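Asker: could you work out the structure for the sequence below:
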Amino acid sequence: MQTELEANFLTDFEQNQNIVHKVCRIYTHHKEAHNDLFQEITIQLWKAYPKFRGDAKFSTWMYRVALNTAISLYRKSTRQIKTQDISDVAYKLKSVDYDDTEEAQLKLLYKAIRRLNDIDKALVFLYLEDKPYKEIAVTLGLSEVNARVKMNRAKDKLKKILNP
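Answerer: Predicted coordinates:
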């Protein structure tokens, strides 16, 4: 029997799961790592969901949890990723395969973004998601001015990577 909390989580998650796929794509290089990170972010979202107060939009909260999980897991490359078995609830999640057949320009952009540091990756990702600087600042725990300055610097870095 599904609880109201589970039902609400599943509904919110299914409506916004592309956020998790996009974060995974920014922080991973191959399908297995993508799937591992997707699972870990999903677990962290489920663990944190009871504390979600609704002060921000669910998608903003989801970005924050997903980015924090990705950054903390991939910042320490020597650390072994410990995952929790979610087989008891996995059947409840409807996973939609992420279409990885992007144009060559998009692949080049992702390749360039991967060369940025973790915070710059998150900034560019949220910027590409058309998030306003105020929301980017809240999501990453920066001031709005600092988010704008860092974004301009990240754009300059990307220009240099894409047009050496």
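Asker: do you know how far Ser72 is from Thr3?
Answerer: 28 Å (Cβ to Cβ, to the nearest Å). C-beta: built from backbone N, CA, C; applies to glycine.
Asker: look at those two and report which has more neighbours.
Answerer: Taking other Cβ atoms under 10 Å, Ser72 and Thr3 do not tie; Ser72 has more neighbours (13 against 8).
Asker: where in the protein is pLDDT low?
Answerer: 1, 75-103 (pLDDT under 70).
Asker: just want the most central residue of it.
Answerer: Val23 (2.9 Å; Cα atoms, centre = their mean).
Asker: who does the helix ranked longest in the chain touch, helix- and strand-wise?
Answerer: Longest helix of the chain, by residue count under DSSP state H: helix 4-27. If you count contacts as 3 or more Cβ pairs under 8 Å, 6 or more residues apart in numbering; DSSP states H and E, helix 4-27 packs onto helix 31-48, helix 58-75, helix 104-114, helix 118-128.
Asker: what about 10 Å?
Answerer: If you count contacts as 3 or more Cβ pairs under 10 Å, 6 or more residues apart in numbering; DSSP states H and E, helix 4-27 packs onto helix 31-48, helix 58-75, helix 87-90, helix 104-114, helix 118-128.
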